[in-house]
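In: the sequence and its predicted three-dimensional model are supplied below.
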Amino acid sequence: MRITRRHLAAVGALALAAASVPAGAESADEAAVGKAIDDLTKAMMAADKAKLEALTADGLSYGHSSGRVETKAQFIGVIADKKTIYKSITLSDPTVAVVGNNAIARHTFAAEVESGGQASSPKIGVLQVWVKDGAGWKLLARQAFRT
């Protein structure tokens, strides 16, 4: 095969196009999961029962770093009934990997919390599993661990 200037121009255009997409650029689904995580964080801070309901799957398994595991109803009840009050939540070191209709998200969770009249400042690692439900994403599983 003879390589012409036209071939070189085409290869150059493809290389330029590839270079304009940043390495590690988020897919639309990854961005949507990130937004769902942000929305869940805001709903926890606001103790917004309706938003917590909308962002969690019916089969939710919500694991704490202490080993306690809650159902969807238990997780939402503790927050909506203000048994636990989140005064601040900061998520850092986020990663999201979408696999089909599921997503695996990890981050470090730091918060100022009041529970049972006691203040605490947990800083823990978190693994979340999100499932695509129609056009949106819902939290299916969460497990926290001590770092």
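Out: All right, it came through fine.
In: every contact and neighbour count from this point should use C-alpha atoms.
Out: Fine.
In: Pro122: what's it in contact with?
Out: Pro122 makes contact with 109-113 under the criterion C-alpha atoms under 8 Å, 6 or more residues apart in numbering.
In: can you give me the distance of it to Asn102?
Out: 27 Å (C-alpha to C-alpha, to the nearest Å).
In: now do the helices in the chain.
Out: Remark: helices assigned in the chain by DSSP state H are 5-19, 28-46, 49-55, 72-80.
In: circling back: whichever of the contacts of Pro122 end up buried, select them in PyMOL.
Out: Restricted to buried positions by 16 or more other C-alpha atoms under 10 Å, the PyMOL selection for the contacts of Pro122 reads:
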select buried, resi 109+110+111+113
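In: out of the contacts of Pro122, list just those in strands.
Out: Using DSSP state E, the members of those that fall in strands are 109-113.
In: show me which of those is closest to Gly67.
Out: Phe109 (16.2 Å; C-alpha to C-alpha).
In: among the helices of the chain, which is nearest Asp133?
Out: Ranking these by proximity to Asp133 (C-alpha to C-alpha) places helix 49-55 first, at 9.9 Å.
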